[in-house]
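Visitor: Predicted model and sequence below, questions to follow.
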Amino acid sequence: MDAVSALKQIALYLERSAQPTGKVRAFRRAAAVVAELPAGELEQRVAAGTLTAIPGIGQSIATILTETVRLGEPTYLTNLLAENAEPVAGGTALRAALKGDCHTHSDWSDGGSGIEEMARAAMALGHEWMVLTDHSPRLRVARGLTADRLRRQLEVVAELNVALAPFLVLTGIEVDILDDGGLDQEEDLLAELDVVVASVHSKLRMPEAEMTERMLTAVANPHVDVLGHCTGRLVTAKPRPESTFDARAVFTACAEYGVAVEINARPERRDPPRRLLSLASDLGCAFAIDSDAHAPGQLDWLPYGCERAEDCGITADRIINTRTADALLAGIAARAR
């Protein structure tokens, strides 16, 4: 293993285990520094013990580089690989069937990495495509994309797809569902996108009747393809309760309009809970198992969603991201409105 690859893998596995962003960036910066060293200099500095003289290389990273050069793989990475071998026990068949991810973020909004880095990480996982779904403008804390910024992003994606072919970055957005059920982006621009994920991010404690109407209005919008993390819950260190709404009515509408219910795989979300997943399944909904990744390593959170889907008896034929990109887009274009 070369040193640059070792540092990048460490960054990926730290992201996968939800380690602090600053720690991850330190390894990525170090990887970039090492990649720029002249041929042979890394080995010379390892022999001389002068790695820490390089800006961005502290003692812990110097130890990792030394072990990589001398042993082929650093102990730090070996331990990370052991800790992250299998995040969950079930869902392996569904995970193998996934061809893409319908919900990902880049540094155009609140993600930590560029579009190309996210795409290449998805390629490394064996995916054929990913949908880029940065936030819409109302979510200012996440640097949501104005219409002009989103149009510029579409140009960047078009150029990147030429370079990455046959892998595809599909255009998309995670659009905020406004208080009245409207969508937080221009209608004509939403119509240009490949996939639209619609999510509630504000007023999560809205009364049940109002939240139900809000979600029903969004689901009925012809531009919406996926209903994102529908309860808004958080289940980890800082838990947040589920939003209350008439789940039977909302999932019935999803089935009627052909809107996929997202199985959000983020460890702190795991949304919706199993009882609602089972209800959506019974009502005939389609699903999208999504990572909601904000960094490359988080793309590998999909097993969490696959395990929960399997537990609820949801089969691969009902999961839209088991399809090829062409089949996904054809299905979106053909579904009844």
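Guide: Good, I have the coordinates. Numbers count the residues shown, from 1 in each chain.
Visitor: Poorly predicted segments of this structure, please.
Guide: Counting by pLDDT under 70, the chain has low-confidence residues at 84-87, 336-337.
Visitor: tell me the contacts of the spatially most central residue of it?
Guide: When CA atoms, centre = their mean is applied to the chain, the residue found nearest the centroid is A293 (2.4 Å). Going by CB atoms under 8 Å, 6 or more residues apart in numbering, A293 touches D101, H103, T104, H105, G111, M118, L299, W301. C-beta here means a position set from N, CA and C on the backbone, and glycine is covered the same way.
Visitor: number of nearby residues for the last one?
Guide: When you say that, I think you mean W301. 24 (other CB atoms under 10 Å).
Visitor: Please tell me how far it sits from I289.
Guide: 10 Å (CB to CB, to the nearest Å).
Visitor: okay, and the common contacts of those two?
Guide: Joint contacts of W301 and I289 (CB under 8 Å, 6+ apart) are A265.
Visitor: could you pull out the helices for the protein?
Guide: Assigned by DSSP state H, the helices in the chain fall at 3-16, 21-35, 41-48, 59-71, 75-83, 92-97, 115-124, 147-164, 187-192, 208-220, 247-257, 274-282, 302-311, 325-334.
Visitor: Please produce CSV containing these, extended by mean neighbour count.
Guide: Shown next, in CSV, are the helices of the chain (neighbours: other CB atoms under 10 Å):
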stretch, mean neighbour count
helix 3-16, 22
helix 21-35, 18
helix 41-48, 15
helix 59-71, 18
helix 75-83, 14
helix 92-97, 16
helix 115-124, 20
helix 147-164, 14
helix 187-192, 14
helix 208-220, 19
helix 247-257, 20
helix 274-282, 18
helix 302-311, 23
helix 325-334, 14
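Visitor: nearest to N264, of those?
Guide: helix 302-311 (6.8 Å; CB to CB).
Visitor: which residues touch Y76?
Guide: Y76 touches I10, S60, T63, I64, E67, counting by CB under 8 Å, 6+ apart.
Visitor: And for T92?
Guide: Here T92 is in contact with P303, C306 (CB under 8 Å, 6+ apart).
Visitor: swap in V261?
Guide: The contact partners of V261, by CB under 8 Å, 6+ apart, come to V226, L227, C230, F251, C254, P272, L277, A280, C285, A286, F287, A288.
Visitor: Reformat the residues you listed as JSON lines; add distance to R149.
Guide: Below are the contacts of V261 laid out as JSON lines (distance: CB to CB, whole Å):
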{"residue": "V226", "distance to R149": "22"}
{"residue": "L227", "distance to R149": "24"}
{"residue": "C230", "distance to R149": "27"}
{"residue": "F251", "distance to R149": "33"}
{"residue": "C254", "distance to R149": "29"}
{"residue": "P272", "distance to R149": "31"}
{"residue": "L277", "distance to R149": "34"}
{"residue": "A280", "distance to R149": "33"}
{"residue": "C285", "distance to R149": "32"}
{"residue": "A286", "distance to R149": "30"}
{"residue": "F287", "distance to R149": "30"}
{"residue": "A288", "distance to R149": "25"}
